[in-house]
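Asker: model the following, please.
(one chain, ligands or ions: 1)
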Amino acid sequence: MRTSIQGIHMYIPWRLSPARHLDPRFCAIANPLSSDPLSSIQASCFSADEEAAARAYYELHGWVHIRSFLSATEVDELQAAADALERTASSLEMSASVDGVYCEVQSASGRKGEAAVYPGALRKLTRPSSSSQAFASLRSHTRLLALLTSVCGLTAPRCVTDQLSCKPAKVGTGFPWHQDAGFLVGDARRSLLRHGGANVALALDPSNGSNGGFEVLGGTHALGSVKDLKGRYDTGGADDDEALFDQSQRTCPKLLPSDALIFHPLLAHGSAANRSGRRRRLATLWFVGSAFPEDEAEAQRSRGSR
Ligand SMILES: O=C(O)CCC(=O)C(=O)O
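Answerer: A predicted model of the protein is given here:
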């Protein structure tokens, strides 16, 4: 499998942990077609140097684009699973849970709590892993976890959220600029603050400027948490509140099915409405770091011996 990496700037406010859980299959090959080796690296796996470069790039810009990360089989399975989930919700007129998956309908305005623009129009599914093996397997995807450790510096990554962002053709509304970190609560939030985190968007359809593609504001992760944006989460589009975040490194990466975009939990991102006739589905997963299991065992032993 060929994979490539494209990235931006960033600084991780959390301590970078030594990459103890590296997958030795990762090593990278510079893309001979690219004039900017940092913005487009073809890779089937990472060498130590290339891993360090990808990590530095992620730290500086706050995101990294990995091409062809999923296999064709994985993409087929995820697309079929997404289709099946959408079929089970095809008569929904209001948001509801179906088989353990919370199905948020797509309203005309994009606001929560309003009726679907047509029965079964979906904006977002929360926890598709509850009823789909294909989505469940992403939570413990070995190569993904290894990447989160080697590139993002997470120790023993743990998935705390999985979603399918549907963005249906013609009616899919935008997401205002926001930072995902503000939406984590409880134990997940404590782990994020203590051990750091990293989020992933996996494209199931092409995602680009023509169909409400996922957009990032490079470098904004370094500013820390801007403010609580929860109240405005489900309105408007990517042009809202331009002044809140620095727009100078605004990018809409052209994602193809199988591509992964890894981004910092504090990176401001959003998307515009989908005015095209093509749906745009992304699986998104949020991870937080954990204590090393051996450190935790040691801590428990020393607590027990006191
Ligand atoms: O689907 C999108 O375009 C953005 C989704 C998103 O940012 C989110 O759910 O937090």
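
Asker: now Leu70: closest residue in space, sequence neighbours ignored.
Answerer: Among residues not flanking Leu70 along the chain, Ser258 sits closest, at 4.4 Å (CB to CB, 6 or more residues apart in numbering). All C-beta atoms are positioned from the backbone trio N, CA, C, and that covers glycine.

Asker: check contacts around the one you found.
Answerer: The contact partners of Ser258, taken as CB atoms under 8 Å, 6 or more residues apart in numbering, are Arg67, Ser68, Phe69, Leu70, Ser71, Ala72, Glu74, Val75, Leu202, Ala203.

Asker: buried ones in the strand or helix carrying Ala56?
Answerer: Counting by DSSP states H and E, the element that carries Ala56 is helix 48-61. Within helix 48-61, the residues scored as buried using 16 or more other CB atoms under 10 Å are Glu50, Glu51, Ala53, Ala54, Arg55, Tyr57, Tyr58, Glu59, Leu60, His61.

Asker: lowest-confidence entry in those residues?
Answerer: Minimum pLDDT across these is recorded for Glu50, with 70.

Asker: could you grab the helix/strand/coil label for whatever residue of the stretch 1-150 of the chain ends up closest to the ligand?
Answerer: Relative to the ligand, the nearest point of the stretch 1-150 of the chain is Lys124 (6.2 Å; CB to the nearest ligand atom). Under DSSP: H, G, I helix; E, B strand; the rest coil, Lys124 falls in the strand class.

Asker: the longest helix along the chain: what's the following helix or strand?
Answerer: Assignment by DSSP state H gives helix 72-88 as the longest helix of the chain. For helix 72-88, the succeeding helix or strand toward the C-terminus, using DSSP H and E, is strand 96-98.

Asker: so in that sheet, which strands flank that following strand, and in what orientation?
Answerer: Partners of strand 96-98 in the sheet, by DSSP bridges, are strand 101-105 (antiparallel).

Asker: which stretches of this structure have low pLDDT?
Answerer: Across the chain, the ranges flagged by pLDDT under 70 are 1-46, 227-242, 292-306.

Asker: in it, which spans are strands?
Answerer: Counting by DSSP state E, the segments of the chain that form strands are 3-9, 41-43, 62-67, 96-98, 101-105, 122-126, 158-165, 175-178, 197-203, 214-217, 250-251, 260-263, 269-271, 282-288.

Asker: can you redo these as TSV with mean neighbour count?
Answerer: Output for these, formatted as TSV (neighbours: other CB atoms under 10 Å):
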stretch	mean neighbour count
strand 3-9	24
strand 41-43	22
strand 62-67	26
strand 96-98	13
strand 101-105	21
strand 122-126	23
strand 158-165	21
strand 175-178	24
strand 197-203	26
strand 214-217	25
strand 250-251	18
strand 260-263	26
strand 269-271	26
strand 282-288	24
